[in-house]
Each structure stands twice: as structure tokens, then as C-alpha cells.
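Q: Sequence and predicted structure below; questions after.
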Protein chains: 2
Amino acid sequence: MVGFIGLGIMGSGMARNLLEKGHRLVVWNRTRAKMDPLVEAGAEPADSPREVAERADVVMICVSDTPDVEAVLHGDDGILAGLSDGKLVVDHSTISPSATLTFASAVEEKGARWLDAPVSGGSEGAQRGTLSIMVGGDEASFQRALPYFEAYGTTVVHVGGQGAGQMVKLVNQVLVVVNQLAVSEALLLAQAGRLDLRKTLDAVKGGAAGSWMLANRGPQMIERDWRPGFTIDLQEKDLRLVLEAADELAVPLPGTALVFQMYRALQRRGLGLEGNHALVKALEEMCGLRVGGEDPPASER
Amino acid sequence: MVGFIGLGIMGSGMARNLLEKGHRLVVWNRTRAKMDPLVEAGAEPADSPREVAERADVVMICVSDTPDVEAVLHGDDGILAGLSDGKLVVDHSTISPSATLTFASAVEEKGARWLDAPVSGGSEGAQRGTLSIMVGGDEASFQRALPYFEAYGTTVVHVGGQGAGQMVKLVNQVLVVVNQLAVSEALLLAQAGRLDLRKTLDAVKGGAAGSWMLANRGPQMIERDWRPGFTIDLQEKDLRLVLEAADELAVPLPGTALVFQMYRALQRRGLGLEGNHALVKALEEMCGLRVGGEDPPASER
């Protein structure tokens, strides 16, 4: 039996893929109504994270942030209260690497094992089963979890020991947002220089200037299509984790810190649910220029 | 007859490819000795840029910076003194987009035409004939120059009117250096987090974090191989052009400006001839951590 705790936009898709691959599944979610569609599809409902840990051999967690993982682990009805020898806890949330080590120790004191396994690929990846999974922990636990990972992940990489999965996810986010800054500044300069933005994109995307962000979000930005692959709110939360980890490790990340401040400003403007490529709006706002148009409408100034 | 002015590391490779494709070629270089290998290969030497303009129908320029283009254009022995009706001047240098418009006007006053056609792909691309060429100017001139471009370029894109080629090149450089900042910060965080850098790269390079810089310069940075595809000195000069153009256009480019400052600092340390991926050394220097090792040797602190 496999357990799944946290049936949000990511977890619900992942849990459904486990069911569809024929795994017996017990689920719990803080908002009970979110369990209903999965129960109708064949999952068994539990009354608490503790019950999931009692009934399942492998317990997946997929919640939002470090305090949420802490909440489902600790307390009378938490996972730790239901854990016993030989069980495995897998955390798919993106959380603090240093808190991860504390959680892993608490789990191991119960005789169970821990993997941190944050994912990337968004809600679409969760639904289609095409997530990337970055896994930290011991090899035996990785092999034990692999059949479940393969239900919803296509790129599953064992990157190191406990905490390494979370750290690689943070490294991933640094690249994502600073590449996004590159695309934002490039398109703004191109706009100011009155270039044809599509021709510009075609001329540069295949060379040393190329990136996933440029190829995938560049055209969306030119169209001013701000639908999220990943929201500013989630990106801002992940960048807070990055900057906290960098602070603990005494590493300067000036570009990442700059992007964090820009996302923070956009949140205040109420744009937290737009896609992370709306980063360009922070620069547009500074100078009153607008990518893909002449000037912003008065309402956006 | 085609003319080529400026036989440096880029121009010599491009001129040689013109000869090898069977074009009759007249050449000039400020340092005369650099003409010798091409004259041995069949090019005709000229005594001045004026003589090149008198003898050739299409005159290519490939020099370092805006003042160098000005120098070969103006003066008693300059291109302008030798130009006449119907000739075409093509500038392969990377220079100021606004100065480009001034140069183009001066050329057109002589009844000749102008294309700005900066290249990317480095000295290897010039030698192998695999450059990318971003061309600004009118369509008829573009078509006229195309057979020559095809002698040394594989990606030749007509991006717009006069100056647009230079502007696209600057947009390209914004992407190149800010993507390089992303890779530098990501690898530094990974190093501080004691990750296996190669596994980390493999885990993230195929997804939303991916870029040409990560795939191509990431492994080189891990190996601490600072041989240049493009030097810090040239990158710093191109960024100065970017920031001057952005200043003229009143566009804020905070990330690009940050990288410029970092390259400036590395030049002062005497690293101007290392590859642009040595950007990471600016961050390493700030915190005393070293990508691909534990700590910097005392000499590098």
C-alpha cells in the first residue's frame, strides 16, 4: 500500500497516476473535499496523516512549504505518530534543505527511511506523468521508491544523499529565474530599439543566447500571454527558500536576489497568479515601455 | 571584386573562406603583416581602405569597435574617399547602433549602400564558415551580399533596416551574459551545498533551467577550464555598447549592468583574456568558495 498526503494541484495529479498504474492507494488531505475525486477513482480515505503512515509502507508528501511538511509530520495525528520500522517517507514538496535534514532525522528515529524528492514540470507534468524528480537519500530507498516515481515522472535522477534533492531543486530555480531575467531585459531592449521581436527571437535563439525560457516563454511574452506555467506566487516562495539556503551557506547570489525583489514588487501589484514570465512587467513598470506594444495602457501604468 | 578590411582573428577566417569559395578578393589591414598569409593564398593587397573601396564593388569591414569603423571610413585614405555610386559597404564589426546610422548616412551620401551585419560564433565559426550573421539594411542590398555571407555564415537572418543588425547583436549579448550569470550563481550554490556538480547539471539541464550556456560552459566551469570561446575583454566591450544603447533608449537593464560590473572587476584582476564563463570568479572572489573544488588556493584569494 502506498500513501499520499497533500492533494493539491500537484499531488492530485500524481496520486491519480499512481491509481492508474494499479497501485493500492490511501490518501489524506487537510481539506477533505479534495479527497473525494480520488476516492471515487479507487483510493482509500484516511482520517489523518498518522493513519496513512500506519496503513502504507511508502508515504508520499506533497504540500506547499516547510511549515506544511512540519505540520503533517509532527503532532498526535502526524506521520511520525504512525510510522514504524521499515517504512519509507518521500517528500515531494519543495522546502528548505536544512529543515529537510531535521525531518529526515525524526523519521529515522522511528526506524523508517526518508527521501527528499522535489519535482518540476508543473501541474501539467503531474497530470500527464511527465515530471522531473530530483531525489536525495540512500540508494536502497531510491530503488524502493522508483516504481512509484515512474508512475508520474519521466526524468528521475538520484542526485545524492538526504537534502541533495532539495538543494538541486533550488539550483534549478536559480537558473529558471535568472534566465527569465535575461529574456525580460533582452525583449525590453529589443522593444526600445524598435526591432521586430519575432525576427529577433528567431535570429538569436539557436545560438549561445539560447535557453528553454527564451524558446518557450519568449513567444508568450511577445503575445502578452501571462497564463502561468508556474505562478509568481510559487516562484517567489521558491526564491525565498533559495535565498535562505544561500544565506545559511554564506553564498552571494546577486542576480537571484534582484529577481526576488522584482517578483516581490509584482506580488504587491496583485500579479501573484500570473506566470513567472510576467517578471518583465517589473522592468516595463520602471520605464513605461511595454514589450509587444508601444506604451502601456493607462490602467497598467 | 569583393574587398575585406580588418584581418584580425575574425576577419582573417572570413576572408579566407571568401577566397576558398572562389571570390576575387582585395584586402587591407592596419598591421600590414597580417595581409601576407591571405596574399599568399591569392588575395590582392591594397595600400589603404580608400584603395579597397575604389577596386571592390562590395566592401566588408570587420574591426573591433565603433572608433575603428570610424577610422577606416573617414580621412583622406578612408573608405568614403574611394566610394562611388552603386557600391555596397557591409560592416561585420559589433558597434554602436546609433553610430551605425551616422556611418550609413555618410556612405549613402556617396551613392553607395550600407548593411550592418555583426556576427556571432567566434573565431572557430569564422574559420569553419559557420557564423551567425544578423543583418540590418534594405532587402536588395541583403540579397546582393548574401552569396558572400554564405561563404562564412550558416545562419544569415535579415532582421530589419539599418542599425537593426547591431541592435539584435546587443540583444543577443544581453541573453548571453545574463544566462552566464545564472550558470555562475547556480554552480556556486551547488558547490556550497556540497552537491555533485555533474549530477546536478544532468538533473537540470534538460528542463526549464536549460540554456546553451549551461550545457556548453557549465561542464567547462566545473573543470575550471577558462579557455575562451569569447574573451572577457570582448564581452566587456560588447556590454559597454549594450549599456550605452540602453542609456540612449532609456531602458533599465539591472541584470546586464550587474554583469558588466563583474566583468570590469575581473579585467582589473588581469583576467581579460579568459573566457566569458570565468564570470563565476567574481562571485568566488566575494565569498572565498570555488566551483569544482573546496577552497581557492591562497594565490587566488
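A: Received the coordinates, thanks.

Q: Low-confidence ranges, chain A, go.
A: A:294-301 (pLDDT under 70).

Q: So the lengthiest helix in it, near chain B or not?
A: Longest helix in chain A, counting residues (DSSP state H): helix A:164-192. Yes. Judged by CB under 8 Å from any CB of the partner chain, helix A:164-192 comes into contact with chain B at A:164, A:167-168, A:170-179, A:181-183, A:185-190, A:192. Any C-beta I mention is one placed from the backbone N, CA and C, and that applies to glycine too.

Q: So for that helix, what gets flagged as buried?
A: For helix A:164-192, the buried set under the neighbour-count rule, 16 or more other CB atoms under 10 Å in any protein chain shown, comprises A:164-192.

Q: Is A:V90 in a helix, a strand, or coil?
A: strand (DSSP: H, G, I helix; E, B strand; the rest coil).

Q: thought it was touching A:A145?
A: Yes. Counting by CB atoms under 8 Å, A:A145 is a contact partner of A:V90 at 5.5 Å.

Q: A:Y263: which element?
A: helix A:254-268 (DSSP states H and E).

Q: rewinding a little: between A:V90 and A:A145, which has more neighbouring residues?
A: The residue with more neighbours, out of A:V90 and A:A145 and counting by other CB atoms under 10 Å in any protein chain shown, is A:V90; that gives 27 against 23.

Q: So what sits opposite the more buried one in the bridge?
A: A:M60, A:L115 (DSSP bridges).

Q: Show the contacting residues for it.
A: Contact analysis of A:V90 by CB atoms under 8 Å, 6 or more residues apart in numbering or on different chains lists A:V58, A:V59, A:M60, A:I61, A:W114, A:L115, A:A117, A:A145, A:Y148.

Q: Look up how far chain B lies from it.
A: A:V90 is 17 Å from chain B, where distance means CB to the nearest CB, to the nearest Å.

Q: Please determine how far that residue is located from A:F149.
A: 8 Å (CB to CB, to the nearest Å).

Q: Same check on A:G218?
A: A:G218 is 31 Å from A:F149, by CB to CB.

Q: Ok, A:G122 next?
A: Distance of A:G122 to A:F149, computed by CB to CB: 17 Å.

Q: so who does A:L25 touch?
A: Neighbours of A:L25 in contact, by CB under 8 Å, 6+ apart: A:M1, A:V2, A:G3, A:F4, A:A15, A:L18, A:L19, A:L38, A:G42, A:A43, A:E44.

Q: Show the buried residues in the residues you listed.
A: A:V2, A:G3, A:F4, A:A15, A:L18, A:L19, A:L38, A:A43, A:E44.

Q: Could you look up the SS state of the second one?
A: Following three-state DSSP, the label given to A:G3 is strand.

Q: In this structure it contacts A:R24, no?
A: No. In this structure, A:G3 is not within contact of A:R24 by CB under 8 Å, at 9.9 Å.

Q: Residues of the stretch 1-150 of chain A that sit close to chain B?
A: So far as CB under 8 Å from any CB goes, the stretch 1-150 of chain A lies against chain B at A:P97, A:S120, A:G121, A:S132, A:M134.

Q: A:G207 contacts B:T155, correct?
A: Yes. Using CB under 8 Å, A:G207 is in contact with B:T155, at 7.5 Å.

Q: Could you pull out the residues contacting both of those two?
A: Common neighbours of A:G207 and B:T155 (CB under 8 Å, 6+ apart) are B:S132.

Q: re earlier: between the contacts of A:V90, which is nearest chain B?
A: A:A117 (11.7 Å; CB to the nearest CB).

Q: Spell out the secondary structure type for the closest residue to that closest one other than its chain neighbours.
A: Counting by CB to CB, 6 or more residues apart in numbering or on different chains, A:A117 lies nearest to A:V135, which is 4.6 Å off, once chain neighbours are set aside. In three-state terms, and counting by three-state DSSP, A:V135 is strand.

Q: burial of A:V135, as a residue count?
A: 26.

Q: cool, and the one 4 residues further on?
A: A:E139 is surrounded by 9 other residues when neighbours are defined as other CB under 10 Å.

Q: need the contact list for it.
A: Per CB under 8 Å, 6+ apart, neighbours of A:E139: A:H158.

Q: what separates it from A:R113, distance-wise?
A: Distance, A:E139 to A:R113, by CB to CB: 11 Å.

Q: residue ranges of the helices in the stretch 101-250 of chain A, please?
A: A:122-128, A:139-152, A:164-192, A:197-204, A:212-222, A:232-249 (DSSP state H, counting those that start in this stretch).

Q: any chance of the ones you listed in CSV, with distance to A:A71 too?
A: Formatted as CSV, the helices of the stretch 101-250 of chain A follow (distance: least, CB to CB, whole Å):
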stretch, distance to A:A71
helix A:122-128, 22
helix A:139-152, 23
helix A:164-192, 18
helix A:197-204, 44
helix A:212-222, 34
helix A:232-249, 16
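
Q: between these, which gets nearest to B:G292?
A: helix A:164-192 (14.6 Å; CB to CB).

Q: contacting residues for the residue nearest to A:A117?
A: A:L115, A:D116, A:A117, A:F142, A:A145, A:F149, A:V156, A:V157, A:H158, A:V159, A:G165.

Q: A:M286 reaches B:P252, doesn't it?
A: Yes. With contacts counted by CB under 8 Å, A:M286 reaches B:P252, the gap being 5.0 Å.

Q: neighbour-wise, which of the two wins?
A: Taking neighbours as other CB under 10 Å, A:M286 and B:P252 compare with B:P252 leading, 19 against 14.

Q: My guess is A:I222 contacts A:V291. True?
A: Yes. Using CB under 8 Å, A:I222 is in contact with A:V291, at 6.7 Å.

Q: what touches both of those two?
A: In contact with both A:I222 and A:V291: A:L187, A:L197, using CB under 8 Å, 6+ apart.

Q: who's more crowded, the two?
A: Neighbour count, other CB under 10 Å: between A:I222 and A:V291, A:V291 has more, with 23 against 19.

Q: Is it correct that the more buried one is in contact with A:A186?
A: No. Taking contacts as CB under 8 Å, A:V291 lies outside contact range of A:A186: 9.8 Å.

Q: how far away is the nearest residue in space to A:K237 that is not next to it in sequence from B:D196?
A: Excluding the flanking residues, the one nearest A:K237 by CB to CB, 6+ apart is A:D65, at 6.2 Å. Using CB to CB, A:D65 is found at 26 Å from B:D196.

Q: can you check A:V176 too?
A: 20 Å.

Q: again, but for A:V58
A: 25 Å.

Q: what does the stretch 201-301 of chain A put close to chain B?
A: So the stretch 201-301 of chain A meets chain B at A:202-204, A:206-214, A:216, A:229-230, A:242, A:245-246, A:249-256, A:258, A:283, A:286-287, A:289 (CB under 8 Å from any CB).

Q: Can you say which of the residues you listed are buried?
A: A:203-204, A:207-214, A:229-230, A:242, A:245-246, A:249, A:251-256, A:258, A:283, A:289.

Q: Next, the contact list for the nearest residue to A:G121 once chain neighbours are set aside, please.
A: Spatial nearest neighbour of A:G121, chain neighbours left out: A:L131 (4.2 Å); criterion: CB to CB, 6+ apart. Applying CB under 8 Å, 6+ apart, we find A:L131 in contact with A:M14, A:V119, A:S120, A:G121, A:G125, A:Y152, A:G153, A:T154, A:T155.

Q: Quick one: end-to-end distance for stretch A:145-165.
A: In stretch A:145-165, first residue to last residue: 14 Å (CA to CA, to the nearest Å).

Q: count of neighbours near A:L241?
A: Neighbour tally, A:L241, other CB under 10 Å: 21.

Q: follow-up on the earlier one: can you pick the most crowded of the contacts of A:V135?
A: That'd be A:D116 among the contacts of A:V135, by other CB under 10 Å, with 32 neighbours.

Q: what sits against it?
A: Taking CB under 8 Å, 6+ apart as the test, what A:D116 contacts is A:91, A:95, A:97, A:100, A:104, A:135-137, A:162-166.
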